[in-house]
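Peer 1: got a structure for you, letters missing:
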């Protein structure tokens, strides 16, 4: 076994140590600690690449399934239960390690420019390094306790990073919302781990998977509840319906954070957990209702795909469009896992990380350079394709990948998920998949049009105007921003060829399949073989993608075209007269038109319904719980406290007034007086207990 | 087995702690008294642990030490912030409850 595979524990340990170093000496470093963070991520990247290389060699040298490489040390023991810490390397873990280290490195390089001069620059790099370390700890976990450890480190760091600019109330509230929503799910993780322990009498992931896959457990019902509890954790972490509401609010953090959070870490954590414990979920959540066999994961994933894609239409904030897009893509991954397409879903994690990270970084680049830190597409963007060519090119490459255009990475992964849904008798989810592809293309076309085409508005207009003033045509972001964009843009196009079904290239499948934990082919709990690729089965999806593009483009052009054709005179006069000021009026007019055509036309009913569900039903449930709680409190206050307790106190006060108001000095407001009363009461209680028992 | 002596020690420590919590005005001293109370509980736990010949009591005691450390960390941070804002840590002056 290779050195890198044996020493994989170094991969999370180095960023973890770097976090401590940044906190201790970061402020005294010439670059405020960012160099430590980047160096540690680079080291992790090199080690992960070495591990990946040796893993591939290991797979190639073993005939049949490649054994996972385990390396464990005892961490602590409770009674007979030994809890270990260490590394569990298989195809899935190696892939995630490489992905997380790679994306984190690029994001940190990008951050040096993006948060330059920030008031908490050092803390930013400390948190983001620890964040990556948390994900790496989780990915490597050989048992559920280490997984929980990494999971919680990420939860904490996401809170720190989303609330990085906590001086503004909105941001700190968003951070709290993210933290608490994920906590709701985390309770599920704790309960689920405890249930797994009671079912399988072990916490080791490998042993749990083996036992679940071979049916070596007493009660399927218990396993189902364990899987449900764990899946609640995944819903919270991965922003699945109905706990997706925290994800768009998490956009309050700096953009590089959003891109890291939404591509390879944090939100992927839930999908990763399902993929990691796949036998448990596959066997446990296999429902049989009304003679229909289906998997609960697929249902949640399918709902999420559509709901989130619908919400992406009504957003004006470019990062919110991308956030809902992430939710929707995570829905695809869950759906893939649900319908039994493990490899396709995990491959979608892989490709999605590159293009979604790239899209977020592009949005950040536009805001950083082109629109004066505004993310409002309608107000402050537009027409930036000529002035920011690198950003534009990277954006287009990743958008193509996201929409699933043939021969770009997203196509190979997403099409295989959709194809598997059809192949494995999940007809409804096949439809969900291709409709989702249609909607994805439509909202991305809208976002692209609003950001890069049409006339520049607001801050972007100002930016373009300044460029003309300086007789320059292009002014893209500085190199720490553009270099990661170019690398990610290229990967968004080419990463898909690792598992390109149309060419019968299945390297990725070969490298990761031993991590599934379930046999392929025949058997009670076996997975169906991935379907053979054929262009005819991919065609309906592609037609819908093309339709989505065409419809959305036509609508966008209709809205913006009407500005140039019948109303040309008006707008030109406006711009000519008072460029900057009239721009606002002009934009307002466009806005009204835009609302009328697109929103009232197609997207309005769907997305309003989705948004309404979001706002009224889901929020209402939360609110009702809150209100009910408050009302109970009110009732308790009104009747018990006011009438009974106060009544008693007042009553005794009145009766005791003659005797000198014995109770009044007790209500002194002195804490130590209350303390004395407390201890006195406890002592009396203890005495009573002793007397009763003796 | 010297169980009684340990329990007595625990009880004495507990009483000193309670006295400190009640009588002291200084927030830091109150925190220290709370530590005394917690450690008197630890002594009891360990005494019974030895009496019953298990490990559970020791594990509990370890947990209590960890929790107590965290609690003092938070408590002292609060005291520091209060001092920064109010220039006093006397509990009587800090009381905002109406007597």
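Peer 2: Sure, I can see it. In this text, all values refer to a predicted model and were calculated from it rather than measured experimentally.
Peer 1: can we go C-alpha only for contacts and neighbour counts from here?
Peer 2: Noted.
Peer 1: what ranges of chain A fall below the confidence cut-off?
Peer 2: Low-confidence segments of chain A, defined by pLDDT under 70, are located at A:1, A:290-292, A:521-525, A:559-608, A:610, A:641, A:652-653, A:655-671.
Peer 1: And the strands in it, which stretches?
Peer 2: Counting by DSSP state E, chain A has strands at residues A:69-78, A:81-89, A:286-289, A:292-295.
Peer 1: what separates the lengthiest helix in chain B from the chain centre, distance-wise?
Peer 2: Looking across chain B with DSSP state H, the single longest helix is helix B:56-86. On the basis of CA atoms, centre = their mean, to the nearest Å, helix B:56-86 is displaced by 9 Å from the centre of the chain it belongs to.
Peer 1: what angle do that helix and strand A:69-78 make?
Peer 2: Angle, helix B:56-86 to strand A:69-78, by axes from the mean of the first three to the mean of the last three CA atoms, to 10 degrees: 90 degrees.
Peer 1: Can you name the next helix or strand after helix B:56-86?
Peer 2: Counting by DSSP states H and E, the next helix or strand C-terminal to helix B:56-86 is helix B:91-94.
Peer 1: and that next one, average pLDDT?
Peer 2: In this model, helix B:91-94 carries a mean pLDDT of 77.
Peer 1: Okay, buried residues for it please.
Peer 2: Within helix B:91-94, the residues that count as buried by 16 or more other CA atoms under 10 Å in any protein chain shown are B:91-92.
Peer 1: okay, the strands of chain A, which one's buried deepest?
Peer 2: Mean neighbours per residue, mean count of other CA atoms under 10 Å in any protein chain shown, is largest over the strands of chain A for strand A:81-89, with a mean of 21.
Peer 1: Strand partners (parallel or antiparallel) of it?
Peer 2: strand A:69-78 (antiparallel) (DSSP bridges).
Peer 1: what's in contact with the strand it pairs with?
Peer 2: Contact with strand A:69-78 is made by A:5-6, A:82-90, A:142, as judged by CA atoms under 8 Å, 6 or more residues apart in numbering or on different chains.
Peer 1: try 6 Å this time
Peer 2: With contact meaning CA atoms under 6 Å, 6 or more residues apart in numbering or on different chains, strand A:69-78 is reached by A:83-89.
Peer 1: same question, stretch A:380-397
Peer 2: A:359, A:362, A:371, A:450-460, A:473-476, A:489.
Peer 1: now stretch A:38-54
Peer 2: Contacts to stretch A:38-54, defined as CA under 6 Å, 6+ apart, come from residues A:4-5, A:11, A:14-15, A:94, A:97-98, A:101-102, A:105.
Peer 1: Can you tell me which of the contacts of stretch A:380-397 are classed as buried?
Peer 2: A:359, A:362, A:371, A:450-460, A:474-476, A:489.
Peer 1: number of nearby residues for the residue in the stretch 501-650 of chain A that chain B sits nearest to?
Peer 2: Nearest to chain B, among the residues of the stretch 501-650 of chain A, is residue A:649, at 15.0 Å (CA to the nearest CA). As a burial measure, residue A:649 scores 16 neighbours (other CA atoms under 10 Å in any protein chain shown).
Peer 1: returning to that earlier point: helices - which of the contacts of stretch A:380-397 land there?
Peer 2: A:359, A:362, A:450-452, A:458-460, A:489.
Peer 1: returning to that earlier point: out of the contacts of stretch A:38-54, which are inside helices?
Peer 2: Going by DSSP H, the helices hold A:4-5, A:11, A:14-15, A:94, A:97-98, A:101-102, A:105 from these.
Peer 1: Dump the ones in helices among the contacts of stretch A:380-397 into a markdown table; add distance to residue A:432 as well.
Peer 2: Converted to a markdown table, these look like this (distance: CA to CA, whole Å):
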| residue | distance to residue A:432 |
| --- | --- |
| A:359 | 24 |
| A:362 | 29 |
| A:450 | 27 |
| A:451 | 28 |
| A:452 | 30 |
| A:458 | 38 |
| A:459 | 38 |
| A:460 | 37 |
| A:489 | 28 |
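Peer 1: residue ranges of the helices in the stretch 1-150 of chain A, please?
Peer 2: A:3-6, A:10-25, A:34-61, A:91-114, A:121-140, A:144-162 (DSSP state H, counting those that start in this stretch).
Peer 1: thinking again about what came up before, which among the contacts of stretch A:38-54 gets closest to chain B?
Peer 2: residue A:15 (24.8 Å).
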